[in-house]
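> quick one: sequence and predicted model below, then my questions.
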Amino acid sequence: MNKMIPDYELIQRFIKGDESCFEQLIHRHKNKVFAYISLYIRDQALAEDLFQDTFMKVIQSVKSGRYQDNGKFISWVMRIAHNLIIDHFRRIKQMNTVSNDDYDSDLFNSRKLAESTVEDNMIRKQIQKDVRKMISQLPDDQREVVILRHYAGLSFKEIADMTDVSINTALGRMRYALINMRKIMEEKKISLTLN
């Protein structure tokens, strides 16, 4: 059985000149990183650019010896992606061209069921829109935990590492986020069911 090589070892091999090791790292973590970026950046082409920028920055940092491994490679990569997203929004703000949902791509990448009706698809899209709206109304720290946990697929330990808080704080933020989302649902009489 083929044992998975740890991230740290792949990085060491890459530093010694084995370029294929970095490809393995990208392949291993690309879905998490791209999902995270896509939650903030709705424009697919821009999300892909930021994804590439993230890994370019990772390569530069590793090659220049600025990466210190502490078993938290993916958290470090996610923090780089997060910083690039923040930089992107700062640039937009400076240019005064903040978009108002010009494009409505499906952030949740839901798999369309072959037998689902047009009506089911409309309801599903409305539910996704409602969930997006509720998440956007959460305080920043709670919104971040919800996105990292449910859409980027990070564990609470990874979230804690990435956001520099304890696991208990990350869990608490998730708990409060769910409580707040329930309140929003009750206040706005939002139903998140197909029937």
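Structure received. Numbering: from 1, shown residues only.
> mind listing what's buried along the helix or strand of the chain with the lowest mean pLDDT?
Lowest by mean pLDDT, DSSP states H and E among the helices and strands of the chain is helix 118-136, with a mean of 76. In terms of neighbour count (16 or more other Cβ atoms under 10 Å), helix 118-136 has its buried residues at 123-124, 127-128, 130-132, 134-135. Glycine gets a C-beta too; all of them are placed from N, C-alpha and C.
> export these to JSON lines and append columns for distance to residue 162.
Output for the buried residues of helix 118-136, formatted as JSON lines (distance: Cβ to Cβ, whole Å):
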{"residue": "123", "distance to residue 162": "34"}
{"residue": "124", "distance to residue 162": "30"}
{"residue": "127", "distance to residue 162": "28"}
{"residue": "128", "distance to residue 162": "25"}
{"residue": "130", "distance to residue 162": "27"}
{"residue": "131", "distance to residue 162": "22"}
{"residue": "132", "distance to residue 162": "22"}
{"residue": "134", "distance to residue 162": "23"}
{"residue": "135", "distance to residue 162": "18"}
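> what's the closest of those to residue 16?
Distances from residue 16 to the buried residues of helix 118-136, taken as Cβ to Cβ, are shortest for residue 135 (42.9 Å).
> re earlier: with only the CA atoms kept, save the least confident helix or strand of the chain in PDB.
Extracted in PDB, the C-alpha atoms of helix 118-136 (Å, rounded to 0.1, in the frame of the first residue of the first chain):
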ATOM      1  CA  VAL A 118     -37.000  23.200 -12.700                       C
ATOM      2  CA  GLU A 119     -39.000  24.200  -9.600                       C
ATOM      3  CA  ASP A 120     -36.700  22.200  -7.300                       C
ATOM      4  CA  ASN A 121     -33.700  24.000  -8.900                       C
ATOM      5  CA  MET A 122     -35.300  27.400  -8.400                       C
ATOM      6  CA  ILE A 123     -36.000  26.600  -4.700                       C
ATOM      7  CA  ARG A 124     -32.500  25.200  -4.200                       C
ATOM      8  CA  LYS A 125     -31.000  28.400  -5.700                       C
ATOM      9  CA  GLN A 126     -33.200  30.500  -3.400                       C
ATOM     10  CA  ILE A 127     -32.100  28.500  -0.400                       C
ATOM     11  CA  GLN A 128     -28.400  29.000  -1.400                       C
ATOM     12  CA  LYS A 129     -29.100  32.700  -1.800                       C
ATOM     13  CA  ASP A 130     -30.800  32.900   1.600                       C
ATOM     14  CA  VAL A 131     -27.900  31.000   3.300                       C
ATOM     15  CA  ARG A 132     -25.400  33.300   1.600                       C
ATOM     16  CA  LYS A 133     -27.300  36.300   2.900                       C
ATOM     17  CA  MET A 134     -27.500  35.000   6.400                       C
ATOM     18  CA  ILE A 135     -23.800  34.200   6.400                       C
ATOM     19  CA  SER A 136     -23.000  37.700   5.200                       C
END
